[in-house]
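Build me a structure from this.
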Amino acid sequence: MTHGKTDTAEKLRIDKWLWAARFFKTRALAADAVESGKVLLDDARVKPAKAMAIGDRLDIRIGQYRYEIEVLGLSDRRGPAPEAQRLYRESEESRQRRETIAEQNKLLPQPHFKGRPTKRDRREIERLRQDE
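Numbers count the residues shown, from 1 in each chain. Have a look, this model is predicted:
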């Protein structure tokens, strides 16, 4: 399921794939996440230019969410979300963990601020962040 230009060995840069699979809004954000160790390829830290192939396993941390996925297809073209979701398969445990975290977040009180936060608002935000 390759789209765009890929070489004959069916490999693609990991940062480009993460962007095409819609895990990150820009390639720069994808590259930063890979560089900082938030994306592991087969349980190993890699560089953004690392070539990946179909069948590779990725561990992706975005905020408090963690995705454990298997690569099913390669694409260097960012298409619509349903097309991007066909590039990978998420493990069932990973999906359940994320849904549990999302449910817990819905139960937390959300601070509502208008405009730019005051010094008091910023202290409140910081206190909420440290409680997590």
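
could you pull out the strands for this protein?
Taking DSSP state E as the criterion, the chain carries its strands at 12-13, 39-41, 44-45, 51-52, 57-62, 65-71, 88-90.

Tell me the strands beside the second one, with direction?
If I follow you right, that is strand 39-41. Paired neighbours of strand 39-41 in the sheet (DSSP bridges): strand 44-45 (antiparallel), strand 57-62 (antiparallel).

so how far is that strand off the chain centroid?
10 Å (Cα atoms, centre = their mean, to the nearest Å).

Can you give me the neighbour number for the closest residue to Val34 other than its chain neighbours?
Sequence neighbours aside, Pro48 is the residue nearest to Val34 in space, at 4.6 Å (criterion: Cβ to Cβ, 6 or more residues apart in numbering). In this view, the C-beta of every residue, glycine as well, is placed from N, C-alpha and C. Using other Cβ atoms under 10 Å as the criterion, Pro48 is surrounded by 18 other residues.
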